[in-house]
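# Next comes the sequence, and after it the predicted model I'd like to discuss.
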Amino acid sequence: MVTVKTGKPSQPIIVCRDVVAGYGQETVLHKVNLEITAGDYLPFIGPNGAGKTTLLRIILGLLRPRSGQVITPFRNKPPGYVPQIKNIDPLYPVTLFQIVSMGLYPKLGWSQRMSREDREFVYKTLDEFDLLEHASKRYAELSGGMRQKAVVARAFVTGADVFVMDEPTSELDENSEKEVFSHLFRLSREKAKTVLFAIHSLEHIAETAESICAVNHGCVTLMPKSEFMACREALLRSQEQ
Amino acid sequence: MLENLYGTIQIFGYAMLVGILVSAVCSILGVFVVTKRVVFIGITLSEVAACGVATSMIFHFSPMVGAGILTTIVVAILAYPFESTRIPRDAVLGVTFVVAAALSILLVAKSHFGLEQINALLYGNLLFATETDLLAVSLIMLPVLVYFFLFLRPILYTFLDREMAKVLGMRVILWELSFFFSLGLVVSAASRVAGSMLVFCYLIVSPAAALLFSKKLHLVFVFSAASGVSSTLAGMYLSYAYDLPTSQTIAVSTCCIFLGAVVYFFATRLYLLWRK
């Protein structure tokens, strides 16, 4: 059993204690202990099938752990979430603006009408992602990259304190990928938002992330980036030999 | 022509009002039946409602209650998220349809009712709609319509992206169950007076035409309801003028609107291509 904590002294806002999780007969996460503090900018790195998505789904409350305890602040304020697989069916006659506006639900609830400020906020967010000119297009008419940006923009519109993103840039070109990560980093540094995201490559976060959450075969290890890089170098060298 | 129109209104009376209400409400709810890709649910719920009526005939209680109870049970089963199971929802709908269709005939086979009477009781006929039918249908459909538009936002978000809706704090099971429950109520009430074929037509054909006509959700609702109501009125008029079976004439009228929508859709596509 390994307990991992991010290096900051403040109280943790997300805690996983002895979490075991899986699907059917298969166990994906083995007794995970994890503490995440407010303002963390934490990438979850690991190969396919390592358990990154499962861990994020456990944190979000989308999957119940078989045993263990998960404590999150999401009952009071929902997180901004970007799923790995986009679940939106293009058959629905909804515009990009409507998709992004969905992020305002925690604020508006089922009954409150959107104010002018809310609309402006959505348009501003769309503009930040170069989506403004496509605001009235149907979701079905958008390219894969635009759809990806739309769900990222929707997460930002929530105004959440915690962002959970599962491979948020998998369908974006290099420039857009850089923009999204710099936006996420700014949110973490300037507004003390907690940003958790699963990725495969360290390329765009090598300079920004201080710690890495390495997920492998259902085991989770939090380590400083330098240590993670050294381990990876050693592993690559041994594979070459 | 005016004589025919006056004759249509006189002959159909309550049937016309019931037809307008049933077609509008079914066509509006049908938009989500089509977009959620559960098209088969319309015909299945109609058969389940018929089975409930058959049960009520055997055990002597109100047909509306029989249809309502059985439809509610089936709706509760269908609200289960089948996406994560080994059997798709369509297969469950298929099994339910077969069981309900066979059971409703088996239940009344040995009863003292004649074939025509059984057909009318089980599958309804818009022409025979009475003042009581209008009242019963209004008592069910109007509250459902109010519920639907009042809670359109969480219902839409739940159907659009279930996982995100859950993360945002929506009670997705509640919204799914309540939608399918209201759909069940509407279908069971509508099938009793309009017949399962016509209800299925309103649930599927009108929304499909509306989806081809517009890209905006609120306009899709308007077009869908307008398509259902106008085909009902046109069908009634044509059936009176040319002495044709009413339900089938309405169904064909709805399909003509759908064909019109298909032509419009491709014509606009071609026009846009030509302009480029």
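The structure has been received and is ready for your questions. Keep in mind that this is a model prediction, so the values were computed, not measured.

# so where does residue A:35 fall, helix or strand?
Take DSSP states H and E as the rule and residue A:35 turns out to sit in strand A:26-37.

# partners of that strand, with directions?
strand A:2-5 (parallel), strand A:12-23 (antiparallel) (DSSP bridges).

# What is the top helix by length along chain A packed up against?
Scanning chain A for the longest helix, with DSSP state H as the assignment, gives helix A:174-191. If you count contacts as 3 or more C-beta pairs under 8 Å, 6 or more residues apart in numbering or on different chains; DSSP states H and E, helix A:174-191 packs onto strand A:41-45, helix A:144-157, strand A:162-166, strand A:194-199. To be clear about C-beta, it is placed using only N, CA and C from the backbone, and glycine gets the same treatment.

# returning to that earlier point: okay, the strand holding residue A:35 in CSV with CA atoms only?
C-alpha atoms of strand A:26-37 as CSV (Å, rounded to 0.1, in the frame of the first residue of the first chain):
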residue,chain,number,x,y,z
GLU,A,26,-11.2,-7.5,-13.4
THR,A,27,-9.6,-5.3,-10.7
VAL,A,28,-8.2,-2.2,-12.3
LEU,A,29,-7.1,-0.2,-9.2
HIS,A,30,-5.4,-1.9,-6.2
LYS,A,31,-5.6,-0.1,-2.9
VAL,A,32,-5.0,3.4,-4.1
ASN,A,33,-4.2,6.1,-1.6
LEU,A,34,-4.1,9.6,-2.9
GLU,A,35,-4.4,13.1,-1.5
ILE,A,36,-4.8,16.1,-3.8
THR,A,37,-4.7,19.7,-2.5
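
# Report the buried residues of it.
A:28, A:29, A:30, A:31, A:32, A:33, A:34, A:35, A:36, A:37 (16 or more other C-beta atoms under 10 Å in any protein chain shown).

# As TSV, those residues with pLDDT would be great.
Formatted as TSV, those follow (pLDDT from 0 to 100):
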residue	pLDDT
A:28	88
A:29	89
A:30	88
A:31	88
A:32	89
A:33	90
A:34	90
A:35	90
A:36	91
A:37	89
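
# Between the helices and strands packed on helix A:174-191, which one is closest to residue A:224.
Across the helices and strands packed on helix A:174-191, residue A:224 has its closest neighbour in strand A:41-45 (11.9 Å, C-beta to C-beta).

# Now find how far off-centre the closest one is within its chain.
9 Å (C-alpha atoms, centre = their mean, to the nearest Å).

# what's in contact with it?
Around strand A:41-45, the neighbours that count as contacts under C-beta atoms under 8 Å, 6 or more residues apart in numbering or on different chains are A:6, A:36, A:52, A:55-56, A:184-185, A:188-189, A:194-200, A:202, A:205, A:208-215, A:222, A:228.

# can you do 7 Å?
With contact meaning C-beta atoms under 7 Å, 6 or more residues apart in numbering or on different chains, strand A:41-45 is reached by A:6, A:36, A:52, A:55-56, A:185, A:188, A:195-199, A:202, A:205, A:208-209, A:211-215.

# Parallel or antiparallel, list what pairs with it.
strand A:194-199 (parallel), strand A:211-216 (parallel).

# what angle separates that strand from helix A:174-191?
140 degrees (axes from the mean of the first three to the mean of the last three C-alpha atoms, to 10 degrees).

# can you pull up the bridge partners for the residue nearest the centre of chain A?
Per C-alpha atoms, centre = their mean, the C-alpha nearest to the average position across chain A is that of residue A:165, at 1.5 Å. Beta-bridge partners for residue A:165, by DSSP bridges, are residue A:82, residue A:197.

# Which residue is the nearest non-sequential neighbour of residue B:244?
Distance criterion C-beta to C-beta, 6 or more residues apart in numbering or on different chains; nearest residue to residue B:244, sequence neighbours excluded, is residue B:238 at 6.4 Å.

# hmm, back to that, the longest helix of chain A: which residues count as buried?
A:176, A:177, A:179, A:180, A:181, A:183, A:184, A:185, A:187, A:188.

# Quick check: residue B:37 vs residue A:105, distance?
23 Å (C-beta to C-beta, to the nearest Å).

# More neighbours: these two, which one.
residue A:105 (22 against 12; other C-beta atoms under 10 Å in any protein chain shown).

# Which helix or which strand is home to the more buried one?
helix A:105-108.

# Can you check the pLDDT for residue A:18?
With respect to pLDDT, residue A:18 scores 91.
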